[in-house]
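Novice: Sequence and predicted structure below; questions after.
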Amino acid sequence: MIILRKAEERGRGDHGWLKSWHSFSFAEYYDPAHMQFSSLRVINDDTVEAGQGFGTHGHRDMEIISYVLSGLLQHKDSMGNGRVITHGEVQLMSAGTGVQHSEFNPSPQVDVHFLQIWIMPDQAGIKPGYQQKNFPDEAKRGRWCLLASPDAKQGSLLLHQDASVYAALLDGEEKLDFELPLGRQAYLHVARGTVNAGTRRLVAGDALMISLEAGFRLEGAVNAELLLFDLA
């Protein structure tokens, strides 16, 4: 079974300095049909104006991934981390027993465009943690690059959940398959560009929710950047 969620069906938030698309219920956007998909709880497609950002606030018991598409994102947290993230870098913060953090666009001129992703952990009350790593375009070109996994295999970030997060870049004649093991589900999010999945033409912001399928093939892409979540 493959269910298409079109980009324009998502929730929309416009706060002036912040413009967001919500794939799942978040803040003022509530849709009981789209609360989560397996352990995947949030995908917010955020654009933050130059010199603006999220002030210090708290989280607990959530795995929070930031995936920057363009621009710069400055992170600070109560664990003592202070880093700047750019395209190609992935940040994973395990909120665990509780953490305070802020996310700010340090550029005086250029907006930052990033995906904020929340995955529910497999246990509560873990020690908070922070990870950040660069995944170059060459590692994603025409292939699935593993960004996060429950055992940190292949140099991926450690995710406290039975879930794996992949990214890929596709263009032109490149084709890419994904085999879905029995009993697993997948969520495919098109971060930018366009791509074909079977007879479906997907554009930026579109998503596929996939279950009870052996897998799928992607082809006919035009400058596509994709995120895939392999979920229990």
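Specialist: It's in.
Novice: Just the pLDDT for the most centrally placed residue in the chain.
Specialist: The centroid of the chain falls nearest to I117 when counting by Cα atoms, centre = their mean (4.5 Å). Looking at I117, its pLDDT is 98.
Novice: excluding its backbone neighbours, what's nearest G13?
Specialist: S20 (4.1 Å; Cβ to Cβ, 6 or more residues apart in numbering). (Each C-beta comes from the backbone N, C-alpha and C, glycine too.)
Novice: which residues does that neighbour bridge with?
Specialist: For S20, the beta-bridge partners under DSSP bridges are G13, D46.
Novice: Use 39 as the first number for this chain going forward.
Specialist: In the new count, where the first residue is 39, that last one comes out as S58.
Novice: ends of stretch 124-133, how far apart?
Specialist: End-to-end span of stretch 124-133 (Cα to Cα, to the nearest Å): 21 Å.
Novice: Identify the residues contacting that stretch?
Specialist: With contact meaning Cβ atoms under 8 Å, 6 or more residues apart in numbering, stretch 124-133 is reached by 97-111, 113, 115, 121, 123, 137, 139, 159, 164-175, 185-186, 195-198.
Novice: For the buried ones among these, write the corresponding PyMOL selection.
Specialist: In PyMOL, this line selects whichever of the contacts of stretch 124-133 come out buried by 16 or more other Cβ atoms under 10 Å:
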select buried, resi 97+99+100+101+102+103+104+105+106+107+109+110+111+113+115+123+137+139+159+166+167+168+169+170+173+185+186+195+197+198
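Novice: now the helices for this protein?
Specialist: 175-178 (DSSP state H).
Novice: Longest strand of it, counting residues only.
Specialist: strand 253-269 (DSSP state E).
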